[in-house]
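Visitor: here you go, sequence then predicted model.
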Amino acid sequence: SVPLLRSSSSRKGAAAGATRMVAAAVVRASVCSWLVEMSAGAFVASTTRRVRPVASGRQAVEQQAQEQRVGEASRQAFNAVVQSTYARYPVTISRGSGCTLYDDEASKAYLDFVAGIATCCLGHGDRRLASAISEQIGRVHHVSNLYYIPEQGELAAWLVSKTRGASRAFFCNSGGEANEAAIKLALKYAVAERGVAKPIVLTAHGSFHGRTMATISATAQPKYHGPDGCWRIGGLFEHFDYNDVASARALFETHKGRIAAVLIEPIQGEGGVKPGDPAFFAELRALCDREGALLMIDEVQAGVGRTGRMWGHDHVLLEAPPDVVTCAKALGGGVPLGAMLCNARYDVFTPGDHATTYGGNPLACAAGLAVARAIDDDGLVENARDRGDQLLAGLARLRADYPDLVLDVRGRGLLLGLQLAKPLASQLVALCADNGLLLVPAGPSVLRFVPPLVVTEAQVDAALDILQLALADFALLHQDDLD
């Protein structure tokens, strides 16, 4: 037997490697059985269509080659007309059911632990969501915000009832737009109510707040700022180190009297799935109070139940609530919908200050209300907590099995990250996809796990089995990189 990873103690390493190889063989058989069942359409999908049955022998080889040719031709046609703003994996999604996605061109099924990047909280093909959208589009799907929209008012009432300190909502289409609205609100409050000249907003290094010019500037990761920082608005944002009290205090002291707000994630998602420290957030709350600045929490990825509580900040702001909360992604269950919530004290927008064509229209809010009812009726927040505990424990076991490969496991609920020893996350994500599990990186070294909130215990076990198989293969493929 040969150890999967080299060890300073050859006898101990060989024994550990042999154990892992036996375990991987067992898991491989289990995973192959799961993939055959899924690809053969043994699990009922939300449509009568089926993935073609799995062939065998020469027929299987010919079928696979034909599928690869068809898939490659389809992707080439796509690339000819769509801009290359994404590094896409060679997977073409045809349909979905629950936590499973299907690539009919390749006769393949995938366990989806991406969920549109923490967006499809009800999974795929959810009947409640489909019915709500269908019924709403049959009545009225869009009107201007110049008129009263009952669905918008109902969703706003639900959101403020679930959010400590919130009184009112502004609706938009995405997380970037929600954060843009929050930034504008904070700047107006600073200038109009506090008389601040040249106000600034503070954010954390490693943050991600969106793709608009303002939110990219708020995002303290230079890789998003364009060549020579050409997309960054200078002079509007300053940055401190996440979870570092001394760094935040120093910045407040340096810019005393100019700080309009702090905008921060309760768990940094794109920054590597880094949970916030309650002591740090308590200090931010105190610093903002002394300055008169707004504490604004970006819940775009962590919010709407994903962390096992309604909001990510419910884990870190244990006493005083935030002044502004932004959300999107899961709020519409995959239908474009975002919101910015604020306390009435800071609701300084007046007609003409901020607007949106589509934000909060009847169709989007019908989707949001379907998500709200599922959250309330189906125990999805509790499921996120329980399945998150299960997934975290399983990832911790894999870390123990592969200590040279996996450095850390962290996160809350169903927003979890597995940090590798080397910046090889994209390669491992691709290997997991080859084995039927969809994941997404969170930076160069971290695998992110953000499945739908409806994920089951059996599906979490299946994902862990596939990951174990992928890690075993990955360790062999990248032995030299890991030394």
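Guide: Perfect, thanks for sending it. Numbering: from 1, shown residues only.
Visitor: from N173, how far off is T212?
Guide: Distance check for T212 against N173: by C-beta to C-beta, to the nearest Å, it reads 12 Å. For glycine as for every other residue, the C-beta is placed from the backbone atoms N, C-alpha and C.
Visitor: I should have written L363 there, sorry.
Guide: Remark: distance between L363 and N173 (C-beta to C-beta) = 12 Å.
Visitor: same question for R194.
Guide: Relative to N173, R194 is positioned 30 Å away (C-beta to C-beta).
Visitor: leaving out the residues flanking it, which one is nearest to the spatially most central residue of the chain?
Guide: By C-alpha atoms, centre = their mean, the chain has its centre lying nearest to A118, at 3.5 Å. In space, and not counting its chain neighbours, A118 is closest to V450: 4.1 Å by C-beta to C-beta, 6 or more residues apart in numbering.
Visitor: check contacts around the one you found.
Guide: Residues near V450 by C-beta atoms under 8 Å, 6 or more residues apart in numbering: 113-115, 117-118, 301, 306, 414-416, 440.
Visitor: among those, which lie within strands?
Guide: Among these, DSSP state E puts 415-416, 440 in strands.
Visitor: assumed V325 was part of a helix.
Guide: No: assessed with DSSP: H, G, I helix; E, B strand; the rest coil, V325 is strand; it does not lie in a helix.
Visitor: quickly list what it is bridged to.
Guide: I297, L341 (DSSP bridges).
Visitor: quick check, it in contact with H313.
Guide: Yes: between V325 and H313 there is a contact under C-beta atoms under 8 Å: 7.3 Å.
Visitor: who has more neighbours, these two?
Guide: When neighbours are counted by other C-beta atoms under 10 Å, V325 and H313 differ, and V325 comes out ahead with 31 against 28.
Visitor: quickly note the distance from the more buried one to T350.
Guide: For V325, the distance to T350 equals 21 Å [C-beta to C-beta].
Visitor: V81: neighbour count?
Guide: Counted with other C-beta under 10 Å, residues neighbouring V81 total 6.
Visitor: ugh, wrong one, W158
Guide: Residues near W158, counting by other C-beta under 10 Å, number 18.
Visitor: can you tell me the SS state at it?
Guide: W158 ends up helix, using three-state DSSP.
Visitor: what residues are up against it?
Guide: By C-beta under 8 Å, 6+ apart, W158 lies in contact with 369, 372.
Visitor: give me that answer again for 10 Å
Guide: 169, 368-369, 371-373, 375-376 (C-beta atoms under 10 Å, 6 or more residues apart in numbering).
Visitor: now which of the residues you listed would you call buried?
Guide: Burial by neighbour count, judged by 16 or more other C-beta atoms under 10 Å, picks out 169, 368-369, 371-372, 375 from these.
Visitor: looking at the residues you listed, which are in helices?
Guide: Secondary structure from DSSP state H places 368-369, 371-372, 375 of the buried ones among the contacts of W158 in helices.
Visitor: among the residues you listed, which one sits closest to A282?
Guide: For these, the minimum distance to A282 (C-beta to C-beta) is 27.3 Å, reached by I375.
Visitor: phi, psi of the residue nearest to the closest one when sequence neighbours are not counted?
Guide: Spatial nearest neighbour of I375, chain neighbours left out: G305 (5.7 Å); criterion: C-beta to C-beta, 6+ apart. Note on G305: its backbone torsions stand at phi 90, psi -10 [degrees, to the nearest 10].
Visitor: so for G305, what pLDDT did the model give?
Guide: At G305, the model reports a pLDDT of 98.
Visitor: ok, K223 next?
Guide: K223 is assigned 93 on the pLDDT scale.
Visitor: and it, how far is that from L263?
Guide: Look at K223 and L263: by C-beta to C-beta, they are 19 Å apart.
Visitor: please say which of these two ends up with more neighbours.
Guide: Higher neighbour count among K223 and L263: L263, with 26 against 7, using other C-beta under 10 Å.
Visitor: what packs against the host helix or strand of the more buried one?
Guide: Element membership of L263 [criterion: DSSP states H and E] is strand 259-264. Counting by 3 or more C-beta pairs under 10 Å, 6 or more residues apart in numbering; DSSP states H and E, the packing neighbours recorded for strand 259-264 are helix 175-188, strand 200-204, helix 213-218, strand 237-240, helix 245-254, helix 278-291, strand 294-298, strand 324-327.
Visitor: tell me which of these lies nearest to L122.
Guide: L122 lies closest to strand 324-327 among the helices and strands packed on strand 259-264, at 15.8 Å (C-beta to C-beta).
Visitor: give me the low-pLDDT residue ranges for the stretch 51-200 of the chain?
Guide: Applying pLDDT under 70 to the stretch 51-200 of the chain picks out residues 51-57, 60-61.
Visitor: just the helices in this protein please.
Guide: 10-39, 57-81, 115-118, 127-139, 150-161, 175-188, 213-218, 245-254, 278-291, 362-378, 380-401, 425-434, 457-477, 479-482.
Visitor: just these: most buried one?
Guide: Among the helices of the chain, helix 175-188 has the highest mean neighbour count (mean count of other C-beta atoms under 10 Å), at a mean of 25.
Visitor: which helices and strands sit right next to that one?
Guide: strand 168-172, strand 200-204, helix 213-218, strand 259-264, strand 294-298, strand 324-327, strand 338-342.
Visitor: just put the ones you listed in TSV and tack on distance to S134.
Guide: What follows is those, written out as TSV (distance: least, C-beta to C-beta, whole Å):
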stretch	distance to S134
strand 168-172	21
strand 200-204	40
helix 213-218	33
strand 259-264	37
strand 294-298	32
strand 324-327	25
strand 338-342	22
